[in-house]
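# Sequence plus predicted model, see below.
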Amino acid sequence: MPSSRTEWRHKFRERDPEAYYDWKINDNLKYKYGITIEQRQHMFEEQKGLCACCGTEISTDRKAKQSQACVDHCHDTGDVRGLLCHSCNKGIGGLGDNLEGVMNAVKYLEDCK
């Protein structure tokens, strides 16, 4: 038997899909990173719509064609560092989300020249 919260969400989604998805994004941002959709938008504007790492154009609009803004955060402290494109977010995470992993990659690339 579905909970009343689940039923409420289903009815909300059926009644107003756009508002529901905005609510869901905000709810996820609060749960995962402790920020609101407004705080993410402020970060986006401070970064001038660009990835904080590579400078690629990113977007907070879920329907946009360019790369969606990923919230980058420290896995140890939970502190939000900025907004990244998907490639940079995946790359940093794949390198261990730390400076040592990034420096090892830099050394590797330099050694391969």
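Alright, I've got the coordinates. Predicted, not measured: the structure shown is a model, and the values here were computed from it.

# tell me the contacts of residue 25?
Residue 25 is in contact with 37, 62, counting by Cβ atoms under 8 Å, 6 or more residues apart in numbering. Just so you know, the C-beta spots here come from the backbone N, C-alpha and C atoms, and that holds for glycine as well.

# Residue 4 versus that one, what's the distance?
Residue 25 is 22 Å from residue 4, where distance means Cβ to Cβ, to the nearest Å.

# just residue 92 next, same as before
Applying Cβ to Cβ, the value for residue 92 to residue 4 is 40 Å.

# now residue 35, what's its secondary structure?
Applying DSSP: H, G, I helix; E, B strand; the rest coil to residue 35 yields a three-state assignment of coil.

# burial of it, as a residue count?
Using other Cβ atoms under 10 Å, residue 35 has 17 other residues around it.

# Go ahead and confirm it touches residue 29.
Yes. Judged on Cβ atoms under 8 Å, residue 35 makes contact with residue 29 at a distance of 5.3 Å.

# who touches both of these two?
With Cβ under 8 Å, 6+ apart applied, the overlap between the contact sets of residue 35 and residue 29 consists of residue 71.

# circling back: who's more crowded, residue 92 and residue 4?
Higher neighbour count among residue 92 and residue 4: residue 92, with 18 against 7, using other Cβ under 10 Å.

# check contacts around that one.
Contact analysis of residue 92 by Cβ under 8 Å, 6+ apart lists 53, 72, 84, 102.

# That one and residue 45: what is the separation?
For residue 92, the distance to residue 45 equals 22 Å [Cβ to Cβ].

# ranges for the helices of the protein?
Taking DSSP state H to define them, one finds helices in the chain at 4-15, 17-33, 37-46, 86-94, 99-111.

# Figure out which of these is closest to residue 67.
The closest of those to residue 67 is helix 86-94. By Cβ to Cβ, the value is 5.3 Å.

# quick one: buried residues of the closest one?
88, 89, 91, 92 (16 or more other Cβ atoms under 10 Å).

# Having no further points to raise, I will conclude here.
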